[in-house]
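> Provide a 3D model corresponding to the input given below.
(chains A, B, C and D, ligands or ions: 6)
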Amino acid sequence: MKKIINDPNAVVQEMAEGLAAAYPDDLEQLPGTTVIKRRTAPESNKVGIVSGGGSGHEPAHAGYVGKGMLDAAVAGEVFTSPTPDQIFEAIKAVDGGAGVFMVVKNYTGDVLNFDMAAELAEAENIKVAKVVVNDDVAVDDVASRRGIAGTILVHKMAGAKAEQGGSLEEVKAAADKAAENVRSVGMALTPCTVPAAGTPSFTLAENEMEIGIGIHGEPGIERKEIAPADDIAQELTDKLLADYDFSGSDTAVIVNGLGSTPEMELYIMNNKVQAILANNEINVYKTLVGEYMTSLEMTGCSLTLLQLDDELKQLLDEPANTLAFNG
Amino acid sequence: MKKIINDPNAVVQEMAEGLAAAYPDDLEQLPGTTVIKRRTAPESNKVGIVSGGGSGHEPAHAGYVGKGMLDAAVAGEVFTSPTPDQIFEAIKAVDGGAGVFMVVKNYTGDVLNFDMAAELAEAENIKVAKVVVNDDVAVDDVASRRGIAGTILVHKMAGAKAEQGGSLEEVKAAADKAAENVRSVGMALTPCTVPAAGTPSFTLAENEMEIGIGIHGEPGIERKEIAPADDIAQELTDKLLADYDFSGSDTAVIVNGLGSTPEMELYIMNNKVQAILANNEINVYKTLVGEYMTSLEMTGCSLTLLQLDDELKQLLDEPANTLAFNG
Amino acid sequence: MALTVQNIVDWIVKANEKIQANKDYLTALDQAIGDGDHGINMSRGFQETAEKIRGETYTSGADVLQDTAKTLMSKVGGASGPLFGTAFLKLSAAIKGIDPVDYDTFTGAIEDAVNGIKQRGKAAEGDKTLVDVWSKMADLFNCESDFRADRIAEEAKSAMEQTKSMMATKGRAAYFKDGSIGHIDPGSASSLYIFEALSEVIEGGT
Amino acid sequence: MALTVQNIVDWIVKANEKIQANKDYLTALDQAIGDGDHGINMSRGFQETAEKIRGETYTSGADVLQDTAKTLMSKVGGASGPLFGTAFLKLSAAIKGIDPVDYDTFTGAIEDAVNGIKQRGKAAEGDKTLVDVWSKMADLFNCESDFRADRIAEEAKSAMEQTKSMMATKGRAAYFKDGSIGHIDPGSASSLYIFEALSEVIEGGT
Ligand SMILES: Nc1ncnc2c1ncn2[C@@H]1O[C@H](COP(=O)(O)OP(=O)(O)O)[C@@H](O)[C@H]1O
Ligand SMILES: Nc1ncnc2c1ncn2[C@@H]1O[C@H](COP(=O)(O)OP(=O)(O)O)[C@@H](O)[C@H]1O
Ligand SMILES: [Mg+2]
Ligand SMILES: [Mg+2]
Ligand SMILES: [Mg+2]
Ligand SMILES: [Mg+2]
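Numbering: from 1, shown residues only, chains lettered A, B, ... in the order given. Ligands and ions are numbered 1, 2, ... in the order given. Next up, the predicted model:
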C-alpha cells in the first residue's frame, strides 16, 4: 500500500481538517465532527440539504457543499456509513426552520444511520425528509440497487429546488423525480486499498476488467478480458438503455472517473458515448466528464444517464458554486 | 498496461473530440487539429492567451480554456510538445488584433516548437509575446528548471489581465511577475505509462518514493523510503522556502495531485502544509487542492507557492470560468 | 448465578479483547463478501467502548450497556453500528433497575435485542446476518433455565458456522448472491466473540 | 557519384524503415535518460514522411527534403521535431536547384544543417545531443572528397557511441546530470539510422 497518509485510522479526520483549512471563507468543519458545512448555512426558511456516506468517494460529498447544492456533508470512515450522531449534528446545523432534506445512497449502513439520525432530529421537532438513491443497474433486484454517481445529479436537483425557495415537500418531489429517472453503471480495471485495511479489497488479473462493479468494489455483472474503450462505452450504454427507455428524451450524462483513470481516458469514453446516444436519438442536454464519485485509487469509470423534463432542466441550469460542481 | 483506450496512437485526437463533444456550447476543436478553443474567441482587442504542451497532464491545458484564463490550448502527443503548425493555428484563431500571449513551460521541446510557431505568426504580422514558466525547484540550474503546476497560476494572471483589457505588454508583465515569484516541487510514489510506450517510464520499489520528480517522470532530487504525509509536506515546503523567501508575504498555494492520488490524501497533505506556513508567518490568501497538472496515472503530488502583491491578488480574484478552475 | 455490574463490565472488556484479536480475520471475512471494513469498524467501536467503560464507575448493569450502545452507535458506522447499537440498547432497557441480573431477566433482554435487530435491519433468520447468531442465543436462553457457559459458546459457534451455507439476502453480501454461499457472515463472527466473552465471564463468574 | 532525386527519396524511405525497426530501442534509450517518447516521436514523424514522399512525384531533391522537413516538423513534436525539421530544411535549401547533388554541395548542406541544429537548440558539440553525430558527419564530409558509404556508417556509429560517455547539458537528459553518463543519447541514435540509410543508398547508388 503506497499512500500519502499519516495514521491510517485518522485519514478522515485529517482530510476534513485539511479541507476546512483550504477553503475557510466558504466552508467550515463542525467542531468534534467530520461534518463540512457551508458557512452561510443555516439560511432562514431555506430547506437545508444534507448528504454524506463513507469517505473515499471524494469529491463526494464535501465537494458538493455550496450554493445551489448541499448545506452540509457528513463523512463516515472510509467506505463506512457515518454514524447517527454526526448526521444529527449536520441536520441541526443546517436547519433554518424549513426542515432538512437528506440525500442517502441505498446501502444498508447509510439507510440505517440516516434513519436513526432522522429519528433523533424529529425528537427535537426538526422536520426531515429523504431520498434514497439507487441508480446502479448492475444489481437486478431494484430494491437492492446501490447509489453511485447518479447521486450527484440528485444533489443538484434537491439543492437547486431548495435555493429557489422550494418547501421540504417540493424539494423531495424534485429529488425523487431525479432519483427515479437516473441510471448508472460502472466498470473497473484495478482495485483500491482502504488505508486501515492495507490490502486491496479485490483482485483482477492483468488482462481483466469487471463490468458493473460497485464504488466500494462490490461485485458486478461480469469479469472478462479488457476491451477497447469503444466497446466498454457500448456495453455500459447498452446496460443503461436496456434498463430504462431514454429514447427521444433529453438527458444529462456523467462520464465519471473512479479515481486513477486519467481524464484523457474519460474523454475517449465520452467520445463514443455521445456517438451512441446520437445514434439512439437521445438528446444530450448537459454532459459532465470528470471525477464526481470516486473509489479511492480504483481504476475504472461509470456512466450515468438522467432523463430530464422541463423542471429538471431548469434545476440543472440553476447556478451552483461548489468545489466539484460549478455552473 | 490497463487503460480505457482504443488505438494507443489516437488517444490525443480522441480525447480532443470527446472534450469538444462534452462541452459544445463553450468549447470547440479547431478542424484538423487538437487545439481546443473558446467559442467566444477571438475577442476584438482582447489579447488572446494560448497555452499548451504535451498531453497527459489533464486538466492542463484544455481544462483552463474559458473566461478569465485561456483562449486556446494546444495538445501535443502524450508527454510530447505540440508541433509549430498546430500552435500557429491556435494563435491565428484567437488573435483579435491585440496580439497573442503564449504560456510555455520550460522544456526544450515546448520552447522550440512555440518559438517556431511565433516566427510563423510574426511572418503574418500577428504580435506574439510569451512567458516561459520554470517553477520546479528540483532542478538546481535555474535556466533548466521545468515548468510544472505553478503554470496554472501564470495562466490565471495572464488570462485575468487580458480579460481586464490589458495590452500584450501588460499581460506579459503580469505573467512574468507570476512566473518569477512562483515555486513548485513534486514527489511520486508510482510511475505512469505512456499509452504508445506500453511500459512504465520508471520504477520505484514498493517502499520507495521520489522527491522532486518531474511531471513526465524526469529524475528528482532523492529516492528514499516512503514517509508519513506530514514529513512529505514538511520536506516539500522546506524545499520551496529554501529557494525563495516567502516569509511575511501573502501567497497562493496549490496542493496538486499527479493523477492517482486520492483527493483525501491531498487534503491530508494540505492540512500539514497550512500549519507549516502559519508557523513560518506566511499568510495564505488562496488555496487550491486538487488535480491541476497531472502525469497520467502517476501517484504523487506537488506543492506550489506563489508570492502575491496587490496586483496579483486582484488578478487572482478576477472571475474565471473554465472546466478546471472556477471562481 | 446472576450477572453483577462487574460481570457486565468484564463482558464488554473481554468482547473488545476478542474483537481486537480477530480484527484482521473479521476484515478478511468482509473482503470476501462485503467491502472489507467490518473488522476495522468493530475494532474501532469496541476499542472506544472499552475505554469509555473502563474510565467510568458504574452502579448498574443497564448503564454499562447503555454506554456500550451509544458508543457503538457513534463509533462503528456502517450497517453493523446501528445494529449492535440497537442490540445493546435493548439489553440495557430490559435490565434497567435490576442488579444483579437474574437469568429470566437476561433471557427477556436477549429476546428484546433480537427483535430490535430484526426490526432495524428488516432481516429475518436465514438471511445470513448477525440475526442468525443472536436469534439462536435467544432460543438457547429460552430452553435452558440457568446461565450455561459451555452451551452459550457452543451454540454461538455453531450458529455462526451455519451462516456459511446460507445465501445472503441483506446488506452488502446480498450483491454476491450465490457467491455468498460458503463464506461465514462477518457480523455473525463478531457476534460469536460477544457471546464467547459472555460465556467466559459466566464461567469465571460469582 | 552524385545523389539523384531517386537516391534522396530512397534515403528517406530507408531511414524510415530503420527508425521503425528500432522504435522500441529508441524509446528505451529515452526511458533511461529522458521521458520515453523518442522512438514514438520519430516513428510517427518518419512514417508520415515516408508516406508523404511515396505519394508524390519529385523532380528535385530539394523538394523531397523540404517535404521531409515540413512533415517532421508537424508530426514529431518534442525537442527532436524542430531539430530534425531544421536539419532537413537546411539540407533542402543548400541543394536547391542542384540535381543530382554533387559531393561538395552535399558537404556544404550538411554543414548548414549542423549550424541550423546548433542555433535552434543552442547546443554545441559535447552536450550529448544529436549535434554530436551531425557535427562529426560534417567533419567527415569535409575530410573526404567523395561519398564513402563505409566511412559514413562507421563514423556515425562511433559518434553515437561517443555520446555514451558524455554528460548531458541540454534537453531532458540534462536533469540526470552524472546519471546521464553511460547511456547513448536517443537523438544521436536516430541520427545514426539516418546516416546508415544514406550510406546504404550510396553503396547501392548510381
Ligand atoms: N439488514 C441487515 N440486518 C441485519 N444485519 C445486517 C444487515 N445488513 C448487514 N448486516 C450485518 O452487518 C454486517 C456487515 O457490517 P459492516 O461490514 O460493518 O457494514 P457495511 O456492510 O456497511 O460495510 C454483515 O456481516 C451482517 O451481519
Ligand atoms: N537543446 C538541444 N539541442 C540539440 N538537441 C537536443 C536538444 N535537446 C534535446 N535534443 C535532442 O533531442 C532528443 C530527445 O528528443 P525527444 O525525446 O523526441 O524529445 P523530448 O526531449 O521533448 O521528449 C535528445 O536525445 C537530443 O538528441
Ligand atoms: Mg462498509
Ligand atoms: Mg517528450
Ligand atoms: Mg463492511
Ligand atoms: Mg523524449
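
> next, count neighbours for A:Asp141.
When neighbours are counted by other CB atoms under 10 Å in any protein chain shown, A:Asp141 registers 10. Where C-beta positions appear, they are placed from N, C-alpha and C, glycine not excepted.

> burial count for the closest residue in space to it that isn't next to it in sequence?
Distances taken as CB to CB, 6 or more residues apart in numbering or on different chains place C:Ala174 nearest to A:Asp141, at 7.8 Å, with adjacent residues excluded. The tally of other residues near C:Ala174 (other CB under 10 Å) stands at 21.

> worst mean pLDDT across the helices and strands of chain C, which element?
helix C:23-33 (a mean of 94; mean pLDDT, DSSP states H and E).

> do any residues in it lie close to ligand 3?
No: applying CB under 5 Å from the ion, one finds helix C:23-33 separated from ligand 3 by no less than 7.7 Å.

> which strands or helices does that helix pack on?
If you count contacts as 3 or more CB pairs under 8 Å, 6 or more residues apart in numbering or on different chains; DSSP states H and E, helix C:23-33 packs onto helix C:38-54, helix C:186-203.

> related to what we said a few turns ago, let me see the contact set for the residue nearest to A:Asp141.
By CB atoms under 8 Å, 6 or more residues apart in numbering or on different chains, the contact set of C:Ala174 is A:Asp141, A:Ser144, C:Ala168, C:Ser180.

> and these, which of them are buried?
A:Ser144, C:Ala168, C:Ser180 (16 or more other CB atoms under 10 Å in any protein chain shown).

> point out where the chain drops to low pLDDT.
Here I'm looking at chain A. In the predicted model, chain A carries no residue with pLDDT under 70.

> my bad, the chain I had in mind was chain C
Low-confidence segments of chain C (pLDDT under 70): C:205-206.

> would you mind listing what in it touches ligand 1?
Taking CB under 6 Å from any ligand atom as the contact definition, chain C meets ligand 1 at C:30, C:34-35, C:37-38, C:41, C:78-80, C:83, C:121-123, C:129-131, C:170-172, C:185-188.

> buried residues in stretch C:136-149?
C:Lys136, C:Met137, C:Ala138, C:Asp139, C:Leu140, C:Phe141, C:Phe147, C:Arg148, C:Ala149.

> what is the nearest of those to B:Lys272?
Minimum distance to B:Lys272 across the buried residues of stretch C:136-149 is 47.6 Å, recorded for C:Met137 (CB to CB).

> tell me the contacts of the closest one?
Per CB under 8 Å, 6+ apart, neighbours of C:Met137: C:Ile110, C:Val114, C:Ile152, C:Glu155, C:Ala156, C:Ala159, C:Phe195.

> let's see which of these end up in helices.
Using DSSP state H, C:Ile110, C:Val114, C:Ile152, C:Glu155, C:Ala156, C:Ala159, C:Phe195 are the members of these that sit in helices.

> can you name the residues of chain C that neighbour ligand 3?
C:Asp35, C:Asp37, C:Gly78.

> I'd like to know which of those are buried.
Buried, going by 16+ other CB under 10 Å: C:Asp35, C:Asp37, C:Gly78, out of the residues of chain C next to ligand 3.

> restrict the residues you listed to contacts with ligand 6.
Answer for these near ligand 6: none qualify (CB under 5 Å from the ion).

> can you list the residues you listed in JSON lines and add distance to ligand 5?
Converted to JSON lines, those look like this (distance: CB to the ion, whole Å):
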{"residue": "C:Asp35", "distance to ligand 5": "4"}
{"residue": "C:Asp37", "distance to ligand 5": "4"}
{"residue": "C:Gly78", "distance to ligand 5": "5"}
